[in-house]
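# Build the 3D model from these lines:
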Amino acid sequence: MPSPGDAPLTAAPGAQDTPTAEATLRAAQDFERAGQIAEAIAAYEALVALAERAGEPAALAEALRRVAVLWHRRDDSARARDACRRSYAVACELGDDLLAAAALNTLGGLDLTTDAPDRARQHFLGALALGGSSGRLRARVEQNLGILANIHGELDEASTRYQRSLEAYRAAGDDQGCAVAYHNLGMVSADRGRLEEADGYFRACQDLAARCGDLFLQGDCLVNHAELEVARQRFEHARQHAEAALDLFTQLGGRGTRAEAHRVLGMLYCETGRPERAEAELRTALELADASGSALNEAEAARELAVLFQTQGRNQEAMNLLNTARRLFGRVDARADLVNVSGKVAELEAMYMAVVRSWGRSLESRDHHTFGHCERVAGTAVAMARALALDERTETTILLGAYLHDLGLVRVPPEILRKRIELTRSEVDLWHMHPIWGVDLLAEVEFPWDLKPIIRWHHERCDGTGYPDGLAGAAIPRGAQIVGIAAAYDALTSPRAGRPALAPDAAVAQILHWRAAWAPHVVAAFLQVAG
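Numbering: from 1, shown residues only. This next block holds a predicted model:
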């Protein structure tokens, strides 16, 4: 994810008046740069106590702000927010606009990961109004406004903000700030598909972060560079970056950050044909993300594991993981976790399509006569939905339901599916169970769309002669009728065991002969599409 700006503007003014406070501040900063977070927190808290005793509000405000950042890195956001609010109050009482602006900027950074972007924007703009005369603060606010643009999927705007931030950091001679700006530019360039450009930014970030001794930033940059290298199919580079990131994150003690490294390793092993290793890495990523309460990392890991399972034909497991990822991204949306969540959900919906399409094709592979049936039914059904001017969500429901309408046929013995003579009564009864079996197979899958009525009732008929429940008239959902008539037409126009295909005109005539089976408006939509 992008890195918010939260580096100290300068050494705390009050700390320079008291040698002991100054030494304590420097020790805390040294611990922080070295990744010794527990020691850094202890040193900042010691400075808080010292500043309170000595009556040094400037040192107190800076120490509270810095310890807030560290508490947030240790996944204690409530404690972080309390410390940051106290820093702002102390700075306001002192009348120090620069320290107050720094606290507001950091508070906005906390808002990005714990609440909503609107409140973060208010804090950032407030920081700019109070401390805009400081070039370094302006750089940090531009950086954080870039992150807000990224959250909303405004990638060009985000890139512009990050470039402004980089220029301001350079003017201020702030290598640490430049490193963060390079990292964020790498992230947004990768999202824009500018992979070579992203590679250059990540390399610049790693060099500066190493020079500054910022282990957190080095780790973040390494894992995101590793993911980029997977996309570029530079797999050995990806492995080296991900394992180096994992070593750093293990040293720093963050489970959520370790989850990111394991996720990228899982992606790498999936791409290089090592599915068992990939699954192990991705399951580790899920466990670590869950333990750290990181909804974003858990959602990303669940999505990648779904990709792996799809490649293995484990479609039901893949679908369950996609549902898990969708629920988790819903939580991320509430927390605005520094990402364009709507874009992530759109990617998930495309994956749903891929998994459902793969699942439907796997059903058809049992009988060459039915190959392509689900694809053709889906095409006709969606065309009918558009002819009826149905909304986008209903159209998606019909599309996915069409792909899975015959899911229950996996339980029908192959010899019945391929039988070239008329079925016996008991065989017909068995065949008529497939809509019920299809719903049973999806019992534990919680789709974002209600597919089960289509699967169960696509063979129902308005005159009450259908199966499995003998529904009639308006009791049969419209989506089920649309898929039902599309499936009937495809069955007529495709060769089946013991029966040649009908010509399209003859098939349409047969549908008209059966027209009492469907509602008049459904038949009209079919004729509009088929005619």
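
# Is the most centrally placed residue in the chain within a helix or a strand, and which one?
The centroid of the chain falls nearest to residue 344 when counting by Cα atoms, centre = their mean (4.1 Å). Here residue 344, judged by DSSP states H and E, is contained in helix 341-364.

# cool, residue 439 as well?
helix 434-441.

# ok, and what's touching the following helix or strand past that helix?
Downstream of helix 434-441, the first helix or strand assigned by DSSP H and E is helix 452-457. Helix 452-457 is contacted from outside by 397-398, 401-402, 404-405, 407-408, 435-436, 438-439, 442, 466, 468-469, 471, 476-477, 479-480, 483-484, using Cβ atoms under 8 Å, 6 or more residues apart in numbering. All C-beta spots, glycine's among them, are computed from the backbone N, C-alpha and C.

# can you give me the helices in the stretch 301-450 of the chain?
315-335, 341-364, 373-387, 392-404, 414-417, 425-431, 434-441 (DSSP state H, counting those that start in this stretch).

# what helices or strands is the first one leaning on?
This means helix 315-335. Applying 3 or more Cβ pairs under 8 Å, 6 or more residues apart in numbering; DSSP states H and E, one finds that helix 315-335 contacts helix 295-311, helix 341-364.

# Report the rounded mean pLDDT for the shortest one.
When the per-residue pLDDT values of helix 295-311 are averaged, the result is 92.

# heads up, I number from 766, so please use that
Done: numbering now begins at 766, and the last item shifts to helix 1060-1076.

# Let me have it in PDB, keeping just the CA atoms, if that works.
Output in PDB follows, covering the C-alpha atoms of helix 1060-1076 (Å, rounded to 0.1, in the frame of the first residue of the first chain):
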ATOM      1  CA  ALA A1060      -8.800  -7.100   6.400                       C
ATOM      2  CA  LEU A1061      -6.900  -5.900   3.300                       C
ATOM      3  CA  ASN A1062      -4.100  -8.400   3.600                       C
ATOM      4  CA  GLU A1063      -6.500 -11.200   4.300                       C
ATOM      5  CA  ALA A1064      -8.700 -10.300   1.400                       C
ATOM      6  CA  GLU A1065      -5.700 -10.100  -1.000                       C
ATOM      7  CA  ALA A1066      -4.500 -13.500   0.200                       C
ATOM      8  CA  ALA A1067      -8.000 -15.100  -0.100                       C
ATOM      9  CA  ARG A1068      -8.200 -13.800  -3.700                       C
ATOM     10  CA  GLU A1069      -4.800 -15.200  -4.700                       C
ATOM     11  CA  LEU A1070      -5.700 -18.600  -3.100                       C
ATOM     12  CA  ALA A1071      -8.900 -18.600  -5.200                       C
ATOM     13  CA  VAL A1072      -6.800 -18.000  -8.300                       C
ATOM     14  CA  LEU A1073      -4.700 -21.000  -7.400                       C
ATOM     15  CA  PHE A1074      -7.700 -23.200  -6.800                       C
ATOM     16  CA  GLN A1075      -9.300 -22.200 -10.100                       C
ATOM     17  CA  THR A1076      -6.200 -23.400 -12.000                       C
END
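
# quick check: angle from that helix to helix 1106-1129?
For helix 1060-1076 against helix 1106-1129, the angle by axes from the mean of the first three to the mean of the last three Cα atoms, to 10 degrees is 20 degrees.

# Please point out which parts of helix 1060-1076 sit buried.
Residues of helix 1060-1076 classed as buried by neighbour count (16 or more other Cβ atoms under 10 Å): 1060-1075.

# about what we covered before: using PDB, list the CA coordinates for the helix holding residue 1204.
Taking Å, rounded to 0.1, in the frame of the first residue of the first chain, the C-alpha atoms of helix 1199-1206 are listed here in PDB:
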ATOM      1  CA  HIS A1199     -30.500 -32.200 -11.000                       C
ATOM      2  CA  PRO A1200     -31.900 -28.700 -10.200                       C
ATOM      3  CA  ILE A1201     -32.200 -29.700  -6.600                       C
ATOM      4  CA  TRP A1202     -28.700 -31.200  -6.600                       C
ATOM      5  CA  GLY A1203     -27.300 -28.100  -8.100                       C
ATOM      6  CA  VAL A1204     -28.700 -26.000  -5.300                       C
ATOM      7  CA  ASP A1205     -27.400 -28.500  -2.800                       C
ATOM      8  CA  LEU A1206     -23.900 -28.300  -4.200                       C
END
